[in-house]
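Asker: Any chance you can model this:
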Amino acid sequence: MASFHPTSSVKHVPWRDNALRQLKLVIPGAAITYYFETFQEFWRVVLGEVGSWGKTFAYGALGHGMTTLALFLYVLLLPWITGVEPNYRNWRESSILSSVIPVLTGSIVIGWLLGVVTLGQWSHLGYIKSIIGVTSVYALTFGLLGLLPIPRKIKQSLQ
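Answerer: Here you go, the predicted structure:
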């Protein structure tokens, strides 16, 4: 199985270039999240100020958000955990990535949907602002995660 490849074929993006790319997500995400007060509205629902169904949906969105963070960090730290650098471009060929990435994708989609429904139904934002607000939170989160340095291969990669 060709799930890993030599480091020599990996394109390493300079940190400055990567940071500039990620700031395209972080700055608008932070600005819109702040402007719509997305976190304040969400925590109001989490605290149960609007009823038990809202709190239940909020916990669901929060749980999927935490699962997304954990899986994303796992994928980023995979080189340290396994000692080899996975071929992220051909993730379907990797036994680890082919099982983690679909779960990560599902967690992102379900968490986003639950966040939108939570804020759309049980906050002052309404559905249009909830879609924008939750999307901005996800953009901010993925932008910040993209700023983390990806660890490089520790020992010889598998062929």
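
Asker: Buried residues, the helix or strand where Thr141 lies. List them.
Answerer: For Thr141, the element it lies in under DSSP states H and E is helix 126-146. Under the neighbour-count criterion of 16 or more other C-beta atoms under 10 Å, helix 126-146 has 129-143, 145-146 buried. Using the backbone N, CA and C atoms, a C-beta is placed for each residue, glycine as well.

Asker: Look up the pLDDT of Gln156 for me, please.
Answerer: Note on Gln156: pLDDT of 49.

Asker: in what helix or strand does the nearest residue to Ala61 once chain neighbours are set aside lie?
Answerer: Of all residues not flanking Ala61 in the chain, Leu114 sits nearest, at 3.8 Å (C-beta to C-beta, 6 or more residues apart in numbering). Following DSSP H and E, one finds Leu114 within helix 97-122.

Asker: Remind me what that helix packs against, helices and strands.
Answerer: Where contact means 3 or more C-beta pairs under 8 Å, 6 or more residues apart in numbering; DSSP states H and E, helix 97-122 is packed against helix 38-46, helix 52-82, helix 126-146.

Asker: buried stuff in it?
Answerer: For helix 97-122, the neighbour count (16+ other C-beta under 10 Å) marks 97, 100-101, 104, 107-108, 110-112, 114-122 as buried.
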